[in-house]
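Chemist: Sequence first, predicted model second:
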Amino acid sequence: MRLTLDRPLLLRGKIVQPDGTGLDRYILVRNGQIESASRRRPPLTSKAIYVETGINDWIFRGLI
């Protein structure tokens, strides 16, 4: 099942790397696909959904 949003989704938090470490990054998702993962916050429109994870939360790119 594939679920897509009609608005961009920006996630910020610790993103798990292949070696198991976590780096603080932003992930931008559009049309159900990761568009970018970066240190800097990408420019967004006001209709984007922004989610900042908690200090003990992790983001796994393969599960997006």
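Modeler: Arrived safely.

Chemist: ok, Val29 touching Leu11?
Modeler: Yes - contact criterion CB atoms under 8 Å: Val29 and Leu11 qualify, at 7.2 Å. C-betas here are computed from N, CA, C, even on glycine.

Chemist: Relative to Leu10, how far out is Leu28?
Modeler: 5 Å (CB to CB, to the nearest Å).

Chemist: between these two, what contacts are shared?
Modeler: Shared contacts of Leu28 and Leu10 (CB atoms under 8 Å, 6 or more residues apart in numbering): Pro42, Leu44.

Chemist: For the nearest residue to Thr53 once chain neighbours are set aside, which three-state class applies?
Modeler: Spatial nearest neighbour of Thr53, excluding adjacent residues (CB to CB, 6 or more residues apart in numbering): Gly13 at 3.1 Å. Following DSSP: H, G, I helix; E, B strand; the rest coil, Gly13 is assigned to strand.

Chemist: partners of Gly13 in the sheet?
Modeler: Arg25 (DSSP bridges).

Chemist: Output stretch 45-58 in CSV with nothing but the alpha carbons.
Modeler: The C-alpha coordinates for stretch 45-58 follow below in CSV (Å, rounded to 0.1, in the frame of the first residue of the first chain):
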residue,chain,number,x,y,z
THR,A,45,5.8,26.9,1.3
SER,A,46,3.4,27.6,4.1
LYS,A,47,1.3,24.6,3.3
ALA,A,48,4.1,22.1,4.1
ILE,A,49,3.7,19.8,7.1
TYR,A,50,6.7,20.1,9.5
VAL,A,51,7.5,17.4,12.1
GLU,A,52,10.3,17.6,14.5
THR,A,53,11.0,14.4,16.3
GLY,A,54,11.9,14.1,20.0
ILE,A,55,15.3,13.7,21.4
ASN,A,56,15.0,9.9,21.8
ASP,A,57,13.3,9.4,18.4
TRP,A,58,14.9,8.1,15.3
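
Chemist: Run the chain-centre distance for it.
Modeler: Taking CA atoms, centre = their mean, to the nearest Å, the mean C-alpha location of stretch 45-58 is offset from the chain mean by 7 Å.
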